[in-house]
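S.K.: No letters, just coordinates:
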Ligand SMILES: [Zn+2]
């Protein structure tokens with residue numbers, strides 16, 4: 001059984017087994033993380049896993065968990081952030097009967 005060394009911010013270096021480690025692999029490389037429950041302080045420690053760490057963990061026998069990223073996360077958003085007022089306006093609009101045709105008609109002003 002391979003021993004994997006990881007670092008807990010509180011306890012320093014700790015020895016783990018492959019099955020102690022939760023390796024999350026996402027669609028975008030930036031969100032790969034690995035985590036473990038520290039055997040010293042029982043805190044869950046989660047850290048980013050770059051390509052080198054991912055390879056090391058995989059070679060140590062860690063089974064990766066694929067993380068499903070909703071397509072919306074990868075969309076590019078523009079325009080102003082939706083505010084509570086916008087949500088309230090939308091809510092009030094939905095009370096009427098004509099909300100669909102109102103919204104389907106493009107408006108030039110906000
Ligand atoms: Zn610890």
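M.R.: Arrived safely. Everything quoted here is computed from the prediction, not taken from an experiment.

S.K.: next one: the helix or strand of the chain with the lowest mean pLDDT to chain centre, how far?
M.R.: For the chain, counting by mean pLDDT, DSSP states H and E, helix 99-104 ranks last in confidence among helices and strands (a mean of 82). Distance of helix 99-104 from the chain centroid (CA atoms, centre = their mean, to the nearest Å) equals 34 Å.

S.K.: list the helices and strands that helix packs on?
M.R.: If you count contacts as 3 or more CB pairs under 8 Å, 6 or more residues apart in numbering; DSSP states H and E, helix 99-104 packs onto helix 84-95. Where you see a C-beta, it was placed from the backbone N, CA and C, and this is true even at glycine.

S.K.: Run through the residues of this protein sitting next to the ion.
M.R.: Taking CB under 5 Å from the ion, the part of the chain that reaches the ion is made up of 8, 10, 11, 38, 40, 41.

S.K.: what number of residues lie near the fifth one?
M.R.: Here the count is done by other CB atoms under 10 Å, and residue 40 has 12 residues near it.

S.K.: residue contacts, the residue nearest the centre of the chain?
M.R.: Centroid-nearest residue in the chain, with CA atoms, centre = their mean: residue 31, separated by 6.5 Å. By CB atoms under 8 Å, 6 or more residues apart in numbering, residue 31 lies in contact with 24, 67, 69.

S.K.: Now restrict the residues of the chain next to the ion to buried residues only.
M.R.: Listed as buried from those are 8, 38; burial here means 16 or more other CB atoms under 10 Å.

S.K.: Could you dump the residues of the chain next to the ion into JSON lines and include pLDDT?
M.R.: Converted to JSON lines, these look like this (pLDDT from 0 to 100):
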{"residue": "8", "pLDDT": "96"}
{"residue": "10", "pLDDT": "94"}
{"residue": "11", "pLDDT": "96"}
{"residue": "38", "pLDDT": "97"}
{"residue": "40", "pLDDT": "95"}
{"residue": "41", "pLDDT": "97"}
